[in-house]
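In: A structural model of the following input is requested.
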Amino acid sequence: MESIHAVTPLIIVLIGVALFFDYINGFHDAANSIATVVSTRVLTPGQAVVWAAFFNFVAAFGFGVHVAKTIGKGMVDLSAVTPWVILAGVLGAVIWDLVTWWLGLPTSSSHALIGGYAGAAVAHAGFDAVLWSGWIKTLVFIVAAPLIGMLLGFTFMVLTLWIFRRQPPRRVDKTFRRMQLLSAAFYSLGHGTNDAQKTMGIIAGVLYTGRIIDHFYIPYWVILTCHAAIALGTLSGGWRIVKTMGMKITQLRPVGGFSAESSGAITIIGSALLGIPVSTTHTITGAIVGVGATRRLSAVRWGVATRIAWAWVLTIPASALIAAGISAIFGLFQ
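Out: Here you go, the predicted structure:
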């Protein structure tokens, strides 16, 4: 499709910042994809990030762009958005992601992005800029996604232990070391599918508000670029959060890692197909807690889980406030 307006330096900067966020998303959320497979020693950290990054990118070729459309035009009124608003929103999300990465907290890059986007829009145009109807399913799944992951993780683990109850532990361990390669790949597909699409929605919004495209859609080059950026971020790894996710919540064996990854993947891919931008971080954490709870409730380090939960609660308002502040500063110079 031919451009309506020429691409401006601001549009180029915005696309670059959005892709940087996508890279940070992969960097920040690498732990989601690899923590379980590293903590069970099925793969080394180096092998795990390559495995996860490959499937992050492959996800570009089969799961649609439903989440991208929700983020791009279903949560904020595009008529109230300018390129500067989008820039402020993405910067708010990047800053929050980097702060929580430094603290080792597995917060949601997805919720940081939508919080930043909404905060910047409200600072620019007031609360009328927010499409509240589009927020309902996202807010519901802030709670639902980790609970679904927890329930599936618990159920998978119980069923697996029952099915293999007569097998020697060494044989079970050997079997699930192989199976965990598949579950890690499946989970990385889900991570790439859901999270890369969020940046696609932002970039498509940039192109539309900058009048580079005459209607909202996701160009194919945007799909490929966003998946490449998140895969590169995953390759860089986020080792602080790997330690929290894989070792501090509960101790995992290969059978537990398989159950957690499979449960997380089913929840995330199912949500992506429904166009719901869930948090991959929340989902896999819930699944890990569900797996740990099959041994005994004390097997879960609830103090760590509570600290993580508080970070979840704060993510949307914190990133929104940061982005609103940046948007207000931008407004002084326009």
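
In: report all helices and strands that the helix or strand encompassing Thr138 contacts.
Out: In the assignment (DSSP states H and E), Thr138 maps to helix 132-163. Taking 3 or more CB pairs under 8 Å, 6 or more residues apart in numbering; DSSP states H and E as the contact definition, the neighbouring helices and strands of helix 132-163 are helix 254-273, helix 280-293. Using the backbone N, CA and C atoms, a C-beta is placed for each residue, glycine as well.

In: against Ala293, how distant is Leu161?
Out: Between Leu161 and Ala293 the distance is 13 Å, computed by CB to CB, to the nearest Å.

In: any residues in contact with both of those two?
Out: Listed as contacting both Leu161 and Ala293 by CB atoms under 8 Å, 6 or more residues apart in numbering is no residue at all.

In: rebuild the helices and strands packed on helix 132-163 as CSV, extending it with mean pLDDT, mean neighbour count and distance to Ala184.
Out: Conversion of those to CSV gives the following (pLDDT from 0 to 100; neighbours: other CB atoms under 10 Å; distance: least, CB to CB, whole Å):
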stretch, mean pLDDT, mean neighbour count, distance to Ala184
helix 254-273, 89, 26, 6
helix 280-293, 83, 29, 11
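
In: reformat these as CSV; add distance to Trp101.
Out: Formatted as CSV, those follow (distance: least, CB to CB, whole Å):
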stretch, distance to Trp101
helix 254-273, 20
helix 280-293, 11
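
In: and of the ones you listed, who's closest to Ser109?
Out: helix 280-293 (7.4 Å; CB to CB).

In: ok, back up a step: and the next helix or strand after the helix holding Thr138, what other elements does it pack with?
Out: Remark: after helix 132-163, the chain's next helix or strand is helix 169-209, criterion DSSP H and E. Helices and strands touching helix 169-209, as assessed by 3+ CB pairs under 8 Å, 6+ apart, comprise helix 9-39, helix 45-58, helix 66-73, helix 83-102, helix 109-125, helix 220-236, helix 254-273, helix 280-293.

In: which parts of the helix holding Thr138 are buried?
Out: Buried residues in helix 132-163, counted by 16 or more other CB atoms under 10 Å: 134-135, 137-138, 141-142, 144-146, 148-150, 152-154, 156-157, 160.

In: quick one, that helix and helix 169-209 angle?
Out: Per axes from the mean of the first three to the mean of the last three CA atoms, to 10 degrees, the angle that helix 132-163 makes with helix 169-209 is 170 degrees.
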